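Asker: Requesting a structural model of the entry that follows:
(one chain, ligands or ions: 1)
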Amino acid sequence: MNAQHKNIPVRLAGLDDGLHTFHFTVDPAEIELPPEFDRSVEVRVDLDKTHQQTALHTFVNTTAVYPCDRCLRPVALAVETDFRLLYVHDNSAEIGESDEDIRRIDVNHPVIDLSSDVRDAALVQIPMRRICGEDEEGEPLCRDAIPPERDADEHPRVDPRWDKLRSVNFDQ
Ligand SMILES: [Zn+2]
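Answerer: Residues are numbered from 1 along each chain as shown. Just a heads-up that it's a prediction; the model follows:
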């Protein structure tokens, strides 16, 4: 990605101290979300700026469509999430290694790009197991017939990381 091109730019230059709200509508491909994200991503940023720092509360809203693990019927997954970040303006401020959500703003180029944060927040909303749903008895709500070889209950998806382990013969 071009470093100069920011997909979700929050520009702090010229912004008065106080509360501000920004809205963005982003093409999922622009922030490198997979094609299963088939609708634009709505982003709202509530921002509180002071002389020393800018606190951001970002809300992400979109949908992704994945095939059901059982019947392959497309399942629309609502993606609604939010996250908080803190940017300090003061170059002398100490930031601990563990403070992942606290960052330093470049005072000469005070633009925060939220693209990768929004992408990561959206992706973690997609569950590993994607099915049409289950009723109260735990029976699948799939309306299409489930091919037996795809029935997730009889053929649980195997984590490929276990393949190496399973090939080890522990009897030797
Ligand atoms: Zn299904």
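
Asker: and for the helix ranked longest in the chain, what are the contacting residues?
Answerer: Ranked by residue count, the top helix of the chain under DSSP state H comes out as helix 115-123. The contact list for helix 115-123 (Cβ atoms under 8 Å, 6 or more residues apart in numbering) reads 1, 6-8, 26, 30-33, 37, 41, 43, 58, 60, 62, 64, 79, 81-83, 85. Bear in mind the C-beta positions are built from the backbone N, C-alpha and C, glycine included.

Asker: Do a quick rundown of the helices in this structure.
Answerer: Assigned by DSSP H, the chain shows helices spanning 115-123, 163-166.

Asker: quick revisit: relative to the whole chain's centre, how far out is the longest helix of the chain?
Answerer: Remark: helix 115-123 is offset 4 Å from the chain centroid, using Cα atoms, centre = their mean, to the nearest Å.

Asker: Up against the ion, what does this protein have?
Answerer: Within the chain, the positions near the ion by Cβ under 5 Å from the ion are 68, 70-71, 73, 132, 142.

Asker: quick revisit: can you flag the weakest of the helices of the chain by average pLDDT?
Answerer: Comparing mean pLDDT across the helices of the chain, the weakest is helix 163-166, with a mean of 59.

Asker: Does Gln79 touch Val65 like I think?
Answerer: You called it Gln, but residue 79 is Val. No - the pair Val79 and Val65 fails to qualify as a contact (Cβ atoms under 8 Å) at a distance of 10.8 Å.
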